[in-house]
Structures are given as structure tokens and as C-alpha cells.
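Colleague: quick one: sequence and predicted model below, then my questions.
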Amino acid sequence: MITVRPGSERGHFDHGWLDTYHTFSFASYHDPRHMGFRSLRVINEDRVQPAEGFGTHAHRDMEILTWVLEGALEHKDSMGNGSVIRPGDIQRMSAGTGVTHSEFNPSRKELVHLLQIWLLPSQRGLTPSYEEKRFEPESRRGVLRLIAARDGRDGAVDIHQDADLWTALLEPTEAVRHPLAAGRHAWLHVARGKVTANGTKLEAGDGAAFSSEPSVEVKATDRAEVLLFDLS
């Protein structure tokens, strides 16, 4: 079964400094039909204006992944971490018992376009932790590259949930296939471009849930970037 979540129907707020779309209910956007999928709780597509950002705020008991599509994002947190991430960098912050952090656009000229992703952890009360890894474009072109996983295998960041996150950069007509084990589910998010997924047409901003499917087959009809979650 495939269920499409059209990008045009997401929650949308333009705050001036921040233009944001919410795939699932978040903050002041609430839709009981879209509260998440399996352990995937949040996919926010954010565009932050130059020299703007999210001031220091707190989280707990959440696995937070940040994936930058354009520009750069500066991170600081109460664990003492500080870095600037760019396209190809995956950032993982396990909020656990509690952490504060800020995220800013350090550029004075260019906006930053990013995806903020939250997954529910497999257990509450974990010790907060932070990790980031880089995946060059060459490692993602025409193939699905694992960038986050429960066991941190193949160089992925280690998340505290039975979930894998894959990504691919696809040229027109290129295709990738991801098999789904029995009882597994998938969520596909199209970050850029247009694709077909198991024959269903999707474009930038669209998402799709896959359950009781043997695999997810994604074919680009335009230059595209996709993220694929394999979930228990």
C-alpha cells in the first residue's frame, strides 16, 4: 500500500526570517491525520534568511537529524559542540534527558535550505549525544547511500531507533531500488526534482508511505534528491 502526502498540503508558515513546511503536525500546525509515520515524527523543510536562525531552545527524548540542501547552518549546543554543516553533512543530536541548542544561518547573503527530521527514540532518558558525518556527492550519485542507522554501520551516524535513512542524487531516468523486509515500512521524501516511486508520480516536497510492499523503486523523471526511511 502506498499513501501519498502531497507537498502542497503540508503545513506552511512564512515568518519572514523563516519559510517552513511541515510534513507532520508540528508546533502550531496540528492535523490529527498527519502525526507522523511509525517512529518518524517530524520532517520540516526550512528556508532561513541570511543572519537569522533558531535561538537557544530545549529538547528531550528525540533523535534529531539535520540535512542541509543549500547554504550552511551553524550549530551550538549545551554539550559544547559547535560546527557549521553544509550539503552532504548529516548532523545527529540525541536529546535524551535534555539538551539546549541553537541553529543559525552564518551567511550575510545566502539563505540556508534544510530538512529537520525527528525520530522517536527506542527508549527515553538516554544520555544526550552529538555526531556528524560527511557524505560527498560522488557517494550518493545514482545509488542509495546509508547516512543514519541504528548500528551506525557503513559509516552512517548512529541513531537510537530501529530505522535507517538512505539518500540518493539521481539524474533523469536513473533508478534505485530498496528491498523491504517482511514487516518493515518506508517513507520517501522528495527533497528536489521529480520521481516515480513504485509507479506513483512525486515531486519536490511530496512524501509517500509504503507498507506491505516488497520494495521501493524510485526512478527520476528530472534531476532529483530523495531521502528514504526504512522503519520498523
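Modeller: It's in.
Colleague: count of residues packed around residue 87?
Modeller: The local packing of residue 87 (other C-beta atoms under 10 Å) involves 17 other residues. For every residue, glycine as well, the C-beta is placed using N, CA and C.
Colleague: tell me how far it lies from residue 72.
Modeller: 9 Å (C-beta to C-beta, to the nearest Å).
Colleague: likewise for residue 79?
Modeller: Counting by C-beta to C-beta, the gap from residue 79 to residue 72 is 21 Å.
Colleague: now swap in residue 224 and tell me
Modeller: According to C-beta to C-beta, residue 224 stands 22 Å off from residue 72.
Colleague: quick one, which of those two is more surrounded?
Modeller: residue 224 (23 against 17).
Colleague: who's in contact with the more buried one?
Modeller: By C-beta atoms under 8 Å, 6 or more residues apart in numbering, the residues touching residue 224 are 169-170, 190-195.
Colleague: can you rerun that using 6 Å?
Modeller: Contacts for residue 224 were tallied using C-beta atoms under 6 Å, 6 or more residues apart in numbering; they are 170, 192-193, 195.
Colleague: hey, what's the spatially most central residue of the chain bridged with?
Modeller: The chain has residue 117 as the residue nearest its centroid, 4.3 Å off, counting by C-alpha atoms, centre = their mean. Beta bridges link residue 117 to residue 43, residue 65 when assigned by DSSP bridges.
Colleague: thought residue 66 was touching it, still the case?
Modeller: No: contact criterion C-beta atoms under 6 Å: residue 117 and residue 66 do not qualify, at 7.4 Å.
Colleague: lowest average confidence across helices and strands of the protein, where is it?
Modeller: Lowest on mean pLDDT, DSSP states H and E among the helices and strands of the chain sits strand 53-59, with a mean of 92.
Colleague: parallel or antiparallel, list what pairs with that strand.
Modeller: Here, using DSSP bridges, strand 53-59 pairs with strand 99-104 (antiparallel).
Colleague: output the partner strand as PDB, restricted to C-alpha atoms.
Modeller: Extracted in PDB, the C-alpha atoms of strand 99-104 (Å, rounded to 0.1, in the frame of the first residue of the first chain):
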ATOM      1  CA  VAL A  99      19.700  19.500  25.700                       C
ATOM      2  CA  THR A 100      19.600  23.100  24.500                       C
ATOM      3  CA  HIS A 101      20.900  24.200  21.200                       C
ATOM      4  CA  SER A 102      20.800  27.000  18.500                       C
ATOM      5  CA  GLU A 103      20.900  26.800  14.700                       C
ATOM      6  CA  PHE A 104      21.800  29.900  12.700                       C
END
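Colleague: what does it rub up against?
Modeller: Counting by C-beta under 6 Å, 6+ apart, 53-56, 58-59, 73-78, 128 sit against strand 99-104.
Colleague: apply 8 Å and report the result again.
Modeller: Residues from elsewhere that reach strand 99-104 (C-beta under 8 Å, 6+ apart): 48, 51-60, 66, 73-79, 93, 128.
Colleague: now do it: distance to the chain's middle.
Modeller: For strand 99-104, the separation from the chain centroid amounts to 17 Å (computed by C-alpha atoms, centre = their mean, to the nearest Å).
Colleague: stretch 182-199 now?
Modeller: 13 Å.
Colleague: stretch 176-186 now?
Modeller: 18 Å.
Colleague: from one end of that stretch to the other, what's the distance?
Modeller: Using C-alpha to C-alpha, to the nearest Å, the end-to-end distance of stretch 176-186 comes to 14 Å.
Colleague: alpha carbons only: can I get stretch 83-91 in PDB?
Modeller: Extracted in PDB, the C-alpha atoms of stretch 83-91 (Å, rounded to 0.1, in the frame of the first residue of the first chain):
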ATOM      1  CA  SER A  83      30.100  23.400  13.900                       C
ATOM      2  CA  VAL A  84      28.900  24.600  10.500                       C
ATOM      3  CA  ILE A  85      27.300  22.000   8.400                       C
ATOM      4  CA  ARG A  86      26.800  22.200   4.600                       C
ATOM      5  CA  PRO A  87      25.200  20.000   1.900                       C
ATOM      6  CA  GLY A  88      26.500  16.400   2.300                       C
ATOM      7  CA  ASP A  89      26.800  16.800   6.100                       C
ATOM      8  CA  ILE A  90      24.400  14.800   8.300                       C
ATOM      9  CA  GLN A  91      24.000  16.000  11.900                       C
END
